[in-house]
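Asks: structure, please.
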Amino acid sequence: MSFSWPLAFLLLPLPFLMRLLPPAAARGGLRVPAHVFAGVAAQQGAGRGMVLAVIAWAALITAIAGPQISRTSDMLPASGRDIVLVIDLSGSMQKEDFRLDGQPISRLDAVKRTASRFVAARRGDRIGLVIFGDRAYFAQPLTFDVNAVARAIDEAQIGISGRATAISDGLGLAMKRLATSDAPTRVAVLLSDGVDTSGNVQSVDAARLAAQHGIRIHTIALGPEDLENQPKSRDAVDTRTLREVAELSGGTSFRVRGVEDLQAMAATLDRLEPNPTERPPMRYWHALWVWPGALALVLMALIAWRRG
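Replies: So this is what the prediction gives:
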């Protein structure tokens, strides 16, 4: 336990020092010898009344000194960061060309495993989820309930938003929500394995708009094939465009060809956008002045009642 103002204890001897002062000389009227006052004061200060007065004064000074104890809370303060995951649910995401523990899994299953774990560890951030195919929609609005976002990722299914790849629509919807946020840090994380087929707004134009609003976009290009190396491949990812989107908005582009790359990407993203759960527990002071203050009030009321 500590005190917020320990110098208050210097006031403890004040009543005793005041008793040492000579009584003020009375002008006119009846003069009474000083020893009479001393006798009366002694009678009033004796016994239980004096004890109660001393305890009341000590309790009052203790309350003024501000006793407090240090405590810690497991609750993390808000990080001031809004993150929206923008996940591709086009038909190509069902291809089983990723491997986990020697077994083939689909691109979507690999993304679900990594993204849900990443989100669940982001306590203190507000997380949202946009999914897109032919069209984009918010599967989970920005919330501190990271477990709810992780569940939404696990429940995402190919086909519920169409089977095309409307990347710019997904980015546009995420930016529309982030642009109205007052969070000091706003981030979109785009995961896609294809080429933008929306045709309405170019992805790079969306990235320029994000930069104007102070929104950072990290892009993750999924799949073993890309247009730069295999331009005729039907399921190749447009790594060049995704890289340009990240660079224009001040973000980072990741190339992911397997589960190991996904895990490495998540670790790097944690370093780029520091994880709030790595902070130490919040420390605060719990004030205790009310207890000695209440004791002083009760004792003074009792003294007043005894004299009444």
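
Asks: residue contacts, Leu7?
Replies: Residues in contact with Leu7, defined by CB atoms under 8 Å, 6 or more residues apart in numbering, are Ala65. Quick note: C-beta positions are derived from backbone N, CA and C, even for glycine.

Asks: ignore the last one, Val130
Replies: Residues near Val130 by CB under 8 Å, 6+ apart: Val84, Leu85, Val86, Ile87, Ala136, Tyr137, Phe138, Ala139, Gly170, Leu173, Ala174.

Asks: Leu171 versus that one, what's the distance?
Replies: 8 Å (CB to CB, to the nearest Å).

Asks: overlap in contacts, those two.
Replies: Joint contacts of Val130 and Leu171 (CB under 8 Å, 6+ apart) are Val86.

Asks: please enumerate the helices of the stretch 201-308 of the chain.
Replies: For the stretch 201-308 of the chain, the helices defined by DSSP state H, counting those that start in this stretch occupy 203-212, 239-249, 259-272, 290-307.

Asks: now the nearest residue to Leu11 once chain neighbours are set aside: how far from Trp289?
Replies: Nearest non-adjacent residue to Leu11, counting by CB to CB, 6 or more residues apart in numbering: Ile61, 5.4 Å away. Separation of Ile61 from Trp289 (CB to CB): 11 Å.

Asks: cool, Asp205 as well?
Replies: Separation of Asp205 from Trp289 (CB to CB) stands at 60 Å.

Asks: please say which of the two ends up with more neighbours.
Replies: In terms of neighbours (other CB atoms under 10 Å), Trp289 is the more surrounded of Asp205 and Trp289; the figures are 17 against 14.

Asks: what's the weakest-modelled helix or strand in the chain?
Replies: Within the chain, no helix or strand scores below helix 34-45, which has a mean of 46 by mean pLDDT, DSSP states H and E.

Asks: for Phe3, find the nearest of the helices of the stretch 201-308 of the chain.
Replies: Among those, the nearest to Phe3 by CB to CB is helix 290-307 (11.0 Å).

Asks: quick one: that closest one to chain centroid distance?
Replies: 43 Å (CA atoms, centre = their mean, to the nearest Å).

Asks: so which bits of that helix are buried?
Replies: By neighbour count on 16 or more other CB atoms under 10 Å, the buried set for helix 290-307 is Pro292, Leu295, Ala296, Leu299, Met300, Ile303.

Asks: who's in contact with Glu96?
Replies: Each residue near Glu96 by CB under 8 Å, 6+ apart is listed here: Pro104, Ile105, Ser106.

Asks: just say helix, strand or coil for it.
Replies: What DSSP: H, G, I helix; E, B strand; the rest coil gives for Glu96 is coil.

Asks: could you point out which element follows the least confident helix or strand of the chain?
Replies: helix 47-65 (DSSP states H and E).

Asks: what does that following helix rub up against?
Replies: Outside helix 47-65, the residues that touch it by CB under 8 Å, 6+ apart are 3-9, 11-12, 15, 45, 289-293, 295-296, 299-300, 302-303, 306-307.

Asks: kindly report the same for stretch 87-94.
Replies: Residues outside stretch 87-94 that contact it (CB under 8 Å, 6+ apart): 106-108, 111, 115, 129-133, 153, 156-165, 167, 170, 191-194, 222-223, 235.

Asks: could you identify the buried members of the residues you listed?
Replies: Buried subset of the contacts of stretch 87-94 (neighbour count, 16+ other CB under 10 Å): 106-108, 111, 115, 129-133, 153, 156, 158, 161-162, 164-165, 167, 170, 191-194, 222-223, 235.
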